[in-house]
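1. quick one, what's the 3D model for this:
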Amino acid sequence: MDTKLSICFHARKTRATTDNLLPIYLRVTIDGQRFEISTQRYLEAYKWSFPAGKAKGNTEETRSVNTYLDMLKQKAYNLQKELIQEGKPVNLETFKCKWLGKNERPHMLLEIFQQHNDQVNQLLGKDFAPGTLVRYKTSLKHTREFIQWKYKANDIDIRKLNYDFISGYEFWLKTVRNCAHNSTMKYLGNFKKIVILCLKNGWLLKDPFLGFKMSKKEVVREFLTWEELQLIQSKRFVSSRINQVRDIFLFSCFTGLAYADVKKLKRSEVDTGIDGEKWVFTSRQKTHSASRIPLLSQALRIIERYNEHPQCIATDRLLPVLSNQKMNAYLKEIVDVCGITKELTYHIARHTFATTITLSNGVPIESVSKMLGHKNIRTTQHYAKILDKKVSEDMGLLRSKLNAKPNQNLKAI
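-> This is a model prediction of the structure:
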């Protein structure tokens, strides 16, 4: 890491003694941050060169002062060299500790991680969602258990972080914790944010993730076919609560909204769009990106069905959404009754919208990406990869077009 260190001396007129002597101060600037300390030397103002930052004249007194100042300057450069040789970052904190002869307190990994999580907690609802804090708390817990497993310690100095630590952490997550590959990469991704924080503060000189591959394995996303969707839609259940869960799940199937976004959706967020039809105007809780979704007739009928629901009126919400845990529990009952073998969770509704409802019916991927609130179209492309039916239909159209063209000038293949 390149560190810019500059050294100068200045005499302070504002701190002149009763004898009108000016105290001379050493100023060390490291990456824009200053450390100042008195040199314990004093001079009359006329003996000090403010532009040159040293005593002027050729008297024994001025030569003695300048020699001493040169010695202090050399000491500062020597301390910088020592820090580099010891593998420590050269910043204001480490330099100041060296100069004053203090033992630098090590930066402890789990302590920094906990401070980070405390800040996330204080910013809930502003910069972070509750789910984000849960992820970081779980990651901190795993990191603590790994350190106890590998180092038999309650915490470690962050300067011990290296490639061996990261690869060992990966091994521990996959074996001891029995995490799948993608889950392991998610935990390491959370941990990497703490590493980046340490690098930015100058507490780490080298990124321990350097050379470590963080790639995830492609996962086939489950979704409902049109036939399965119709089966759930046409089924009538004895329990009104199950019917309610089914309706809200279908609403997400026809809008692409995630559970958290449907739960917070207000009535005022449904309004008339540029085409005169009803649209949803909201922002995703996860990414804060805008989602503007024209409402299909199936979604409009569900909204109308719960227009006078007491929970919606009392909370100013569009739909009476239960907790995510309860929604998923009822969805398991729904697929059992319908004879669907897929493991149904609420998030499958979002996948169904992207595949069965939109992309399979020719909606351009750019429009689907915008409605889903994706910040990057590559996220949406994961859905397009699994649509063999759409590929078949598109190639069928191409086949028909090619067969209809005159072929008298084509050579036999």
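
2. can you list the low-confidence ranges for the stretch 151-300 of the chain?
-> 287 (pLDDT under 70).

3. where do the strands of the stretch 151-300 of the chain begin and end?
-> Shown for the stretch 151-300 of the chain, the strands assigned by DSSP state E, counting those that start in this stretch span residues 270-272, 278-283, 290-294.

4. in the stretch 151-300 of the chain, what residue spans correspond to helices?
-> 163-175, 181-200, 226-234, 240-253, 259-263, 297-305 (DSSP state H, counting those that start in this stretch).

5. verify the assumption that residue 43 is located in a strand.
-> Yes: membership of residue 43 in a strand is supported by DSSP: H, G, I helix; E, B strand; the rest coil.

6. returning to that earlier point: now the helices of the stretch 151-300 of the chain as JSON lines including distance to residue 398 and mean neighbour count?
-> Where C-beta positions appear, they are placed from N, C-alpha and C, glycine not excepted. JSON lines is the format used below for the helices of the stretch 151-300 of the chain (distance: least, Cβ to Cβ, whole Å; neighbours: other Cβ atoms under 10 Å):
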{"stretch": "helix 163-175", "distance to residue 398": "44", "mean neighbour count": "17"}
{"stretch": "helix 181-200", "distance to residue 398": "35", "mean neighbour count": "17"}
{"stretch": "helix 226-234", "distance to residue 398": "23", "mean neighbour count": "14"}
{"stretch": "helix 240-253", "distance to residue 398": "30", "mean neighbour count": "20"}
{"stretch": "helix 259-263", "distance to residue 398": "37", "mean neighbour count": "20"}
{"stretch": "helix 297-305", "distance to residue 398": "31", "mean neighbour count": "15"}
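
7. out of these, the one nearest residue 208 is which?
-> With Cβ to Cβ as the criterion, residue 208 lies closest to helix 163-175 of these, at 5.3 Å.

8. wait, residue 261 touches residue 291, no?
-> Yes: the pair residue 261 / residue 291 is scored as a contact, 7.2 Å apart, by Cβ atoms under 8 Å.

9. name the residues contacting each of these two.
-> Listed as contacting both residue 261 and residue 291 by Cβ atoms under 8 Å, 6 or more residues apart in numbering are 282, 284.

10. any stretches of the stretch 1-150 of the chain with poor pLDDT?
-> For the stretch 1-150 of the chain (pLDDT under 70), the answer is 1-3, 103-104.

11. all strands for it, in order.
-> For the stretch 1-150 of the chain, the strands defined by DSSP E, counting those that start in this stretch occupy 5-11, 21-30, 33-44, 48-49, 54-55.

12. among those strands, which is the most enclosed?
-> Ranked by mean neighbour count, those are led by strand 54-55 with a mean of 21 (mean count of other Cβ atoms under 10 Å).

13. one step back: got the strands of the stretch 1-150 of the chain as a markdown table, with distance to residue 248 columns?
-> Shown next, in a markdown table, are the strands of the stretch 1-150 of the chain (distance: least, Cβ to Cβ, whole Å):
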| stretch | distance to residue 248 |
| --- | --- |
| strand 5-11 | 61 |
| strand 21-30 | 57 |
| strand 33-44 | 54 |
| strand 48-49 | 78 |
| strand 54-55 | 77 |
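
14. ok so, going back, any idea which of the helices of the stretch 151-300 of the chain gets closest to residue 36?
-> Proximity to residue 36 (Cβ to Cβ) singles out helix 181-200 among the helices of the stretch 151-300 of the chain, at 24.7 Å.

15. isn't residue 23 up against residue 11?
-> Yes: counting by Cβ under 8 Å, residue 23 touches residue 11, with 7.0 Å between them.
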